[in-house]
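*Asks:* Have a look; sequence and predicted model below, questions after that.
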Amino acid sequence: MTWYGITDFKASLGLDKTTGPVLSALLENDYTDVVILGYTNKDKTENKDQLFYKELQEIVNSDWESTKKFIDAYSNTNAAHNHFIQWIETNLKDASIKADVAFSPVNLKHLNDTQAIYEAATNSLNEVSEMKCEKEVTLYLSPGTPVMAFVWAFAALKHPTLKKQLIASSQPGRSPEKIALPREWEEWHGRQTREKDEYSGDFDAVFHLFGEQKMPSLLGINQFSSKAHVFVNTTQYPADVMRKFMGNSEFYEITIDPFDPENVRSEILKIVDILPSSLRLGFNLTGGTKLMYAGALAACRKANATPFYFDIKNKRTINLNDFTSIPTKKINSVDDFINLYGKNLKISKPGYWDEIPNVNCPERNRLTQVLWNSKNIIARLYKDLSKFNDSVQKFEISKQGINISLNENLNAKIHINNEQFTFDNWPDFAKYLSGGWFEEYAYLSLKPLIKSKKIKDLRIGLELSIDDEKGYSSFYNEELYQELDLTFTDGNSLYIVECKAGAIKAEHVYKLDNIIENYGGLAGTGIIASCFKTNNKTINKRISDSKHLNIASDNNLAKKIESIIDNKR
């Protein structure tokens, strides 16, 4: 359930490079039904759809002033609403997403007509609440005005028994994140009614056994909402890294002896004994040592709490009281894996596709395909091109039937395979030709796997920088530590793809194996994507002997990577 705003409208017109907040959220997760509210300005002269599309064609490649006049004339009108909803439905269909889209125009006296906004939000929530089916409602706060966001959160409190969540996006292009209402608001309006099935509801506090493996604790935070998380750990494995995932929840640690179950039990019960008996407690018993498990389970029984365990292999969350299970929620952000495992590092460049200058130029994408088809030829020029990778200077190369040049105005030309391409202002043209093109080819090859929902959050050129001991670095003094060619997740594991446009060397294998171990954990997967099939038996054996590495080479790159994902499942 969401409003749509001017940013969404611009995206539907093709005026913004992004897909807009609403469509981005719909492509990110599965929804069976979508309710979109749109502000209708009654003071605007109604425009017919036919005139709308006629004028839309006229502003293509027009100046900004004409474009602004068009947006001012048609935003918040029925013509704009019809266009936007058709655009949403077309994009969902193209992505093979089956969701029923319902639109409600809302007449407001002005953009921040709080009373009318509140009535529209509550009426929509009332209709959804009355639907005779099991449902979970997601309220998206980012689109529209701040008042619209505020009212969504406020209206949500009128339905304490409706299973719902609030999401918001911190910046354009960034995936929405779950957020929680301040505790004081919930107490003021009355706490939400507890679900009959306590296992599928939330907790007041969750105790996590925390050790060398951090993923079980992240799964626990992701699976169940809780007002507080208590990490039972040793001095050897402090749980400070988990603060990044707390949101509005409180963070606590209990230091124990991992080989003394009575110590574990008694230290946990010291905390439990000072808590109100009415609180719902959960115990995540997945991590830690076997003796930590024994002591924590005894404390859990004493506290009459709910113990659960994550079966990571089968992606199930098991209730240890009755051994029933539910699916484990997916971790859909690459950032979560990096933040969990990247000690003293931070993401200094998120690696979003649209951040690459001119990357969506059709001619550039066509050149990328031509280079793939001519990879045997362009590979012979890598040594000559690499001389210009680290500096912006003009060059001209004519070799192997290929003519390449970059002039002093940074205008690029290439004649290859009987085709000629010209581009304006491409300073890193040499870097693209000496291997960057293959990273872009691999990214474009994997995009269909996003639409089929095999993978999520595909990034290119994500960069990690040194973070200082206090948890932040000077904006002007970031020190690049690692660049990752391609990264994505299937919701369960982090995948890192190292793209090799030339020959694979042993050092590439060692490098990727080390990267996966550092940032992907035990379940991380590394893939060497290569233009050429390697016949080096030593390299092939090193890849096959690794627990983390795979190779996808030569043709049908996307199908081979999809097969790697399927085999892991």
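*Replies:* Ah, there it is.
*Asks:* where does this structure have its least confident helix or strand?
*Replies:* Here the helix or strand of the chain ranked lowest by mean pLDDT, DSSP states H and E is helix 183-189, holding a mean of 53.
*Asks:* What's the first helix or strand after that helix?
*Replies:* strand 205-209 (DSSP states H and E).
*Asks:* what's in contact with the helix or strand following that following strand?
*Replies:* Counting by DSSP H and E, the element after strand 205-209 in chain order, helix or strand, is helix 215-223. For helix 215-223, contacts defined as Cβ atoms under 8 Å, 6 or more residues apart in numbering pick out 206, 208-210, 229, 231, 239, 242, 245-246, 249, 282, 284, 286-287, 308, 310, 312, 317, 328-329, 331, 336, 340, 521-523. C-betas here are computed from N, CA, C, even on glycine.
*Asks:* go with 6 Å
*Replies:* Residues outside helix 215-223 that contact it (Cβ atoms under 6 Å, 6 or more residues apart in numbering) are 206, 208, 210, 242, 245, 284, 286-287, 310, 317, 329, 331, 340, 521.
*Asks:* neighbours around the residue lying closest to residue 105 once chain neighbours are set aside, how many?
*Replies:* Counting by Cβ to Cβ, 6 or more residues apart in numbering, residue 40 is the residue found nearest to residue 105 once chain neighbours are left out, at 4.4 Å. If you count neighbours by other Cβ atoms under 10 Å, residue 40 ends up with 17.
*Asks:* Equivalent analysis for the one 4 residues further on, please.
*Replies:* Other residues near residue 44 number 16, with proximity taken as other Cβ under 10 Å.
*Asks:* thought it was touching residue 78?
*Replies:* No: Residue 44 lies out of contact with residue 78 (Cβ atoms under 6 Å); the separation is 9.6 Å.
*Asks:* what's the pLDDT at the residue nearest to residue 105?
*Replies:* Note for residue 40: predicted pLDDT of 91.
*Asks:* now do residue 123
*Replies:* So, for residue 123, pLDDT stands at 90.
*Asks:* Quick check: it is in a helix.
*Replies:* Yes: secondary structure of residue 123 (DSSP: H, G, I helix; E, B strand; the rest coil): part of a helix.
*Asks:* give the contact list for it.
*Replies:* Counting by Cβ under 6 Å, 6+ apart, there are no residues that residue 123 touches.
*Asks:* swap in the one 5 residues further on?
*Replies:* Listed by Cβ under 6 Å, 6+ apart, the contact partners of residue 128 are residue 137.
*Asks:* For whichever strand or helix holds it, could you pull out the residues that count as buried?
*Replies:* For residue 128, the element it lies in under DSSP H and E is helix 114-129. For helix 114-129, the neighbour count (16 or more other Cβ atoms under 10 Å) marks 116, 117, 118, 120, 121, 122, 124, 125, 128 as buried.
*Asks:* mind checking how far the fifth one is from residue 113?
*Replies:* The reference is to residue 121. Computed with Cβ to Cβ, to the nearest Å, the distance linking residue 121 and residue 113 is 12 Å.
*Asks:* What of residue 531?
*Replies:* 58 Å.
*Asks:* Can you pick out the residue with more neighbours from the two?
*Replies:* More crowded of residue 531 and residue 113, by other Cβ under 10 Å: residue 531, with 25 against 16.
*Asks:* what about the spatially closest residue to residue 416 that is not a sequence neighbour, how many residues close to it?
*Replies:* Leaving aside its chain neighbours, residue 416 sits nearest to residue 402 (4.8 Å; criterion: Cβ to Cβ, 6+ apart). Residue 402 has 18 neighbours, counted by other Cβ under 10 Å.
*Asks:* Quick check: residue 402 touching residue 418?
*Replies:* No: taking contacts as Cβ under 6 Å, residue 402 lies outside contact range of residue 418: 10.9 Å.
*Asks:* Centre-most residue in the chain?
*Replies:* Closest to where the C-alpha atoms of the chain average out (Cα atoms, centre = their mean) is residue 333, at 3.4 Å.
*Asks:* Next up, the contacts around it.
*Replies:* 175, 457.
*Asks:* do you know how far it is from residue 178?
*Replies:* 11 Å.
*Asks:* Equivalent analysis for residue 516, please.
*Replies:* Residue 516 is 27 Å from residue 178, by Cβ to Cβ.
*Asks:* So which of those two has more stuff around it?
*Replies:* When residue 516 is set against residue 178 and neighbours are counted by other Cβ under 10 Å, the residue ahead is residue 516, at 26 against 12.
*Asks:* Is the more buried one part of a helix or strand, or is it coil?
*Replies:* Under three-state DSSP, residue 516 comes out as helix.
*Asks:* so who does residue 256 touch?
*Replies:* Neighbouring residues of residue 256 by Cβ under 6 Å, 6+ apart: 232, 263, 264, 267.
*Asks:* burial measure for the second one, as a count.
*Replies:* Residue 263: 16 surrounding residues under other Cβ under 10 Å.
*Asks:* Isn't it up against residue 257?
*Replies:* Yes: under the criterion of Cβ under 6 Å, residue 263 makes contact with residue 257 at 4.5 Å.
*Asks:* Just give the closest residue to residue 504, not the sequence neighbours.
*Replies:* residue 534 (4.9 Å).
*Asks:* Tell me if that neighbour really is in a strand.
*Replies:* No: according to three-state DSSP, the state of residue 534 is coil, so it is not within a strand.
*Asks:* what's the neighbour count on it?
*Replies:* Neighbourhood size, residue 534 [other Cβ under 10 Å]: 18.
*Asks:* among the contacts of residue 256, who's most crowded?
*Replies:* The contacts of residue 256, ranked by neighbours (other Cβ under 10 Å): first place residue 232, 29 neighbours.
*Asks:* ok, the host helix or strand of that residue: who's next to it in the sheet?
*Replies:* According to DSSP H and E, residue 232 maps onto strand 228-233. As defined by DSSP bridges, the strand partners of strand 228-233 come to strand 205-209 (parallel), strand 250-255 (parallel).
*Asks:* got a markdown table for those, with mean neighbour count and distance to residue 377 too?
*Replies:* A markdown table is the format used below for these (neighbours: other Cβ atoms under 10 Å; distance: least, Cβ to Cβ, whole Å):
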| stretch | mean neighbour count | distance to residue 377 |
| --- | --- | --- |
| strand 205-209 | 27 | 55 |
| strand 250-255 | 14 | 57 |
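*Asks:* Can you tell me which of those strands is nearest to residue 461?
*Replies:* When those are compared by Cβ to Cβ, strand 250-255 sits nearest residue 461, at 32.7 Å.
*Asks:* what's the spacing between the spatially closest residue to residue 459 that is not a sequence neighbour and residue 486?
*Replies:* Using Cβ to Cβ, 6+ apart and skipping the chain neighbours, the partner closest in space to residue 459 is residue 351 (3.5 Å). Using Cβ to Cβ, one obtains 8 Å as the distance from residue 351 to residue 486.
*Asks:* shared neighbours of the two, which are they?
*Replies:* What both residue 351 and residue 486 touch, as defined by Cβ under 6 Å, 6+ apart, is the set residue 460.
*Asks:* Could you measure from residue 77 over to residue 280?
*Replies:* 49 Å.
*Asks:* before we move on, which element is residue 39 in?
*Replies:* Residue 39 belongs to strand 33-40, assigned by DSSP H and E.
*Asks:* May I see the buried residues of stretch 394-412?
*Replies:* 397, 402, 404, 405, 406, 410, 412.
*Asks:* Return the mean pLDDT over it, rounded to an integer.
*Replies:* The model assigns stretch 394-412 a mean pLDDT of 92.
*Asks:* quick one: contacts of it?
*Replies:* 377, 380-381, 384, 388, 413-416, 423-427, 429.
*Asks:* tell me the contacts of the closest residue to residue 224 other than its chain neighbours?
*Replies:* Spatially, and ignoring its direct neighbours in sequence, residue 224 is nearest to residue 203 (5.6 Å; Cβ to Cβ, 6+ apart). Residue 203 makes contacts with 224, 226, 280, 282, as judged by Cβ under 6 Å, 6+ apart.
*Asks:* Can you give me the distance of residue 203 to residue 401?
*Replies:* Applying Cβ to Cβ to residue 203 and residue 401 gives a distance of 67 Å.
*Asks:* Please consider this matter closed, and thank you.
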